[in-house]
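K.L.:
Everything below, folded, please.
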Amino acid sequence: MRLTHGFAVWLMVGVTLMWATAGVVTRHLEHARSFEVTFWRSAFTVLALLVILPLWRGRAVLTTLRHGGRALWASGLCWSIMFTAFMMALTLTSTADVLVTMAVGPLLTALAARVFIGHRLPARTWSAIAVAGLGIAWMYGSQIGASQWLGTLVALCVPVAAAANWTVVQHAHAQGQDVDLVPAVLVGALISALVTLPLAWPLQATPHDLGLLAFLGLFQLAIPCVLSLACARALKAPEMALLGLLEVIFGIALAWVGAGEVPAASVLFGGLLVIGALVANELLGLRERQARVRPLRS
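P.N.:
Reported below is the predicted structural model:
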């Protein structure tokens, strides 16, 4: 799937909009709760990917599950943690809490690169990590004594697992083994479904719930994950990071309009710190790279 830069940008905007539907859709479930929500979403994602991946990449993509090695399964485990923690967090706290907490993912990934791989971080990234940390700390501080702090803590598992996933993939690449993220996503959804099924029993989802959860599995997770991997081939990492932040804005807006979930002032303030730090870091980084390219061209 070869994409032009402009088409990839708009496609990525659509991807973030699909990702952002999780919060508002979850708020309209009737009886499905907690682990059952996670199980059905992951199960429908597995079914969708078993159809989509062979059509997109051919049947050979499924054979990599047998020959992908430990790195692929480690990546799949990280994906499973991300899928499970995300939906669990949505059942424990507000959509805004979850999305803002997840937004620190790129900065945690940069920190993991410094600790585990030895990448040097520029001063702007250290500053962004500090500011984003203040934003998250502000959110946590406002929730002390409230029931929402557990959901925010669970949501923090998502960017931590994402950073671990990136570290696994980079380490495998350094060892001469490239991890195919497409089957890794399938592995992650499968592990998530298998782990949460016993915890979700007995299943109580109504046909209405199953329709919504099928929507999440197909249109909120399977399809956008595949499309985002295609966009990553045409867009640079800073562009992907910046466009990915639209999920926070779209998600909060959809939950506000579609489910009456008004974000708390502390979450909005903390979110502004986190997103502002991310945007500033990526824009400054992009400017630095462009400045280095100009002398080479001249």
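
K.L.:
What ranges in the chain fall below the confidence cut-off?
P.N.:
Across the chain, the ranges flagged by pLDDT under 70 are 1-2, 67-68, 117, 119, 121, 139-148, 237-238, 286, 289-298.

K.L.:
mind redoing it with 80?
P.N.:
Scanning the chain with the threshold set as pLDDT under 80 gives 1-6, 56-69, 103-151, 170-182, 234-243, 245, 263-298.

K.L.:
hey, where'd the strands end up in it?
P.N.:
In the chain, no strands are defined using DSSP state E.

K.L.:
so residue 78 makes contact with residue 168?
P.N.:
Yes. Contact status for residue 78 versus residue 168: in contact at 6.5 Å, counting by Cβ atoms under 8 Å. No exception for glycine: its C-beta is placed from N, CA and C like everyone else's.

K.L.:
List the residues that contact residue 258.
P.N.:
24, 27 (Cβ atoms under 8 Å, 6 or more residues apart in numbering).

K.L.:
Could you check how far it is from residue 251?
P.N.:
10 Å (Cβ to Cβ, to the nearest Å).

K.L.:
okay, and the common contacts of the two?
P.N.:
Taking Cβ under 8 Å, 6+ apart as the contact rule, residue 258 and residue 251 both touch residue 24.

K.L.:
how about the helices of the stretch 51-200 of the chain, start to end?
P.N.:
Using DSSP state H, counting those that start in this stretch, the helices of the stretch 51-200 of the chain run over residues 60-67, 69-92, 95-102, 105-112, 123-142, 149-174, 181-200.

K.L.:
Which one, of these, ends up nearest to residue 222?
P.N.:
helix 181-200 (7.8 Å; Cβ to Cβ).

K.L.:
just to revisit the earlier point, out of the helices of the stretch 51-200 of the chain, deepest packed?
P.N.:
helix 95-102 (a mean of 28; mean count of other Cβ atoms under 10 Å).

K.L.:
quick one: contacts for residue 263?
P.N.:
94-96, 252, 256, 271.

K.L.:
Now for those residues: which two are most distant?
P.N.:
Comparing all pairs in these by Cβ to Cβ, the longest separation belongs to 256 and 271, at 12.8 Å.

K.L.:
Out of the helices of the stretch 51-200 of the chain, flag the one nearest residue 218.
P.N.:
helix 181-200 (11.5 Å).

K.L.:
And that closest one, how far out from the chain middle?
P.N.:
When distances are taken as Cα atoms, centre = their mean, to the nearest Å, helix 181-200 is centred 15 Å away from the chain's centroid.

K.L.:
Could you do stretch 256-270 as well?
P.N.:
On Cα atoms, centre = their mean, the centre of stretch 256-270 falls 20 Å from that of its chain.

K.L.:
Report how far apart the opening and closing residues of it are.
P.N.:
End-to-end distance of stretch 256-270 (Cα to Cα, to the nearest Å): 17 Å.

K.L.:
List the buried residues in it.
P.N.:
In terms of neighbour count (16 or more other Cβ atoms under 10 Å), stretch 256-270 has its buried residues at 256, 259, 261, 263-264, 266-267, 270.

K.L.:
Stretch 242-249 too?
P.N.:
Quick answer for stretch 242-249 (16+ other Cβ under 10 Å): 242-248.

K.L.:
Could you measure from residue 128 over to residue 102?
P.N.:
Separation of residue 128 from residue 102 (Cβ to Cβ): 16 Å.

K.L.:
In a markdown table: the helices of the stretch 51-200 of the chain, plus distance to residue 42.
P.N.:
Shown next, in a markdown table, are the helices of the stretch 51-200 of the chain (distance: least, Cβ to Cβ, whole Å):
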| stretch | distance to residue 42 |
| --- | --- |
| helix 60-67 | 16 |
| helix 69-92 | 6 |
| helix 95-102 | 17 |
| helix 105-112 | 20 |
| helix 123-142 | 26 |
| helix 149-174 | 14 |
| helix 181-200 | 4 |
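
K.L.:
Please identify which of those helices is closest to residue 15.
P.N.:
helix 181-200 (13.5 Å).

K.L.:
which strands and helices sit next to the closest one?
P.N.:
In terms of contacts (3 or more Cβ pairs under 8 Å, 6 or more residues apart in numbering; DSSP states H and E), helix 181-200 is packed against helix 34-57, helix 60-67, helix 69-92, helix 223-231.
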